[in-house]
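K.L.:
quick one: sequence plus predicted model below, questions after.
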Amino acid sequence: MVLYFKLIDPDYICYMGIDKFENEDLIKYGWPEDVWFHVNDLSSAHVYLRLKKGETWNDIPANILEECCQLVKQNSIQGCKEPSVDIVYTPWANLKKTAGMEAGQVLYHNEREVKYVRNVRKESKIINRIEKTREKREVDLMHERDSRDKSERHEKRKEQEEKRRSEKKAYEEKQKMEDIKKYTSIMKSDNMKSNKYNTTDDDDFM
């Protein structure tokens, strides 16, 4: 069971696992477009933000970032009781699992690809609005990821085919222009020869 929430911008997808065991599946089948949020140094829900196509995690709008942070703090047993907490976030691809780690526990491949939002305090107005949109869904995470990857491969093939067609057209246009230049050059040469042998002398008619 995955929990989904609607943010102030409905084009973003925000979701989280219902427990630490489901968090394992979210870690395993996340998307390259996903950004992972967690309360720093405390137990909390794993909240994911799925970015829009073409965006990077550096492009997250301030109000969307705030909503994700509020959701994480609210869904931390200890964090929700604290006056303020620090929130850590990183791209899904930067999450690292090693043998022997507990369910839901993660490390990072690259510490430089990790950011923090410091001193996040509860904003009841934001939390109340987001929590009203909470929706439980039965999701086949592996199937969704496979479908996503298949669609991406299809788009890449289309782009490659379009690129080849464009390059072929450009090549044909170039050849066409070169042929025109050659033809023009030949015609000029023939005209010069023709004019040379057709020159008359006025004395011939005297």
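P.N.:
Nice, thanks for sending it over.
K.L.:
for the record, mean pLDDT for the top helix by length along the chain?
P.N.:
Counting by DSSP state H, the longest helix found in the chain is helix 141-197. Taken as a whole, helix 141-197 carries a mean pLDDT of 80.
K.L.:
gap between that helix and the chain center?
P.N.:
30 Å (CA atoms, centre = their mean, to the nearest Å).
K.L.:
which other helices and strands contact the helix or strand of the chain with the lowest mean pLDDT?
P.N.:
Across the helices and strands of the chain, the lowest-confidence element by mean pLDDT, DSSP states H and E is helix 141-197, at a mean of 80. Under the contact criterion of 3 or more CB pairs under 8 Å, 6 or more residues apart in numbering; DSSP states H and E, helix 141-197 touches helix 20-28. Quick note: C-beta positions are derived from backbone N, CA and C, even for glycine.
K.L.:
list the buried ones in the helix it packs on?
P.N.:
E22, N23, E24, L26, I27 (16 or more other CB atoms under 10 Å).
K.L.:
same thing with stretch 80-91?
P.N.:
Buried residues in stretch 80-91 (16+ other CB under 10 Å): C80, V85, D86, I87, V88, Y89, T90, P91.
K.L.:
S147: which of those is nearest?
P.N.:
Nearest to S147 among these: P91, at 20.7 Å, using CB to CB.
K.L.:
from W36, how far out is the residue nearest to that closest one when sequence neighbours are not counted?
P.N.:
Spatially, and ignoring its direct neighbours in sequence, P91 is nearest to W57 (5.2 Å; CB to CB, 6 or more residues apart in numbering). Separation of W57 from W36 (CB to CB, to the nearest Å): 10 Å.
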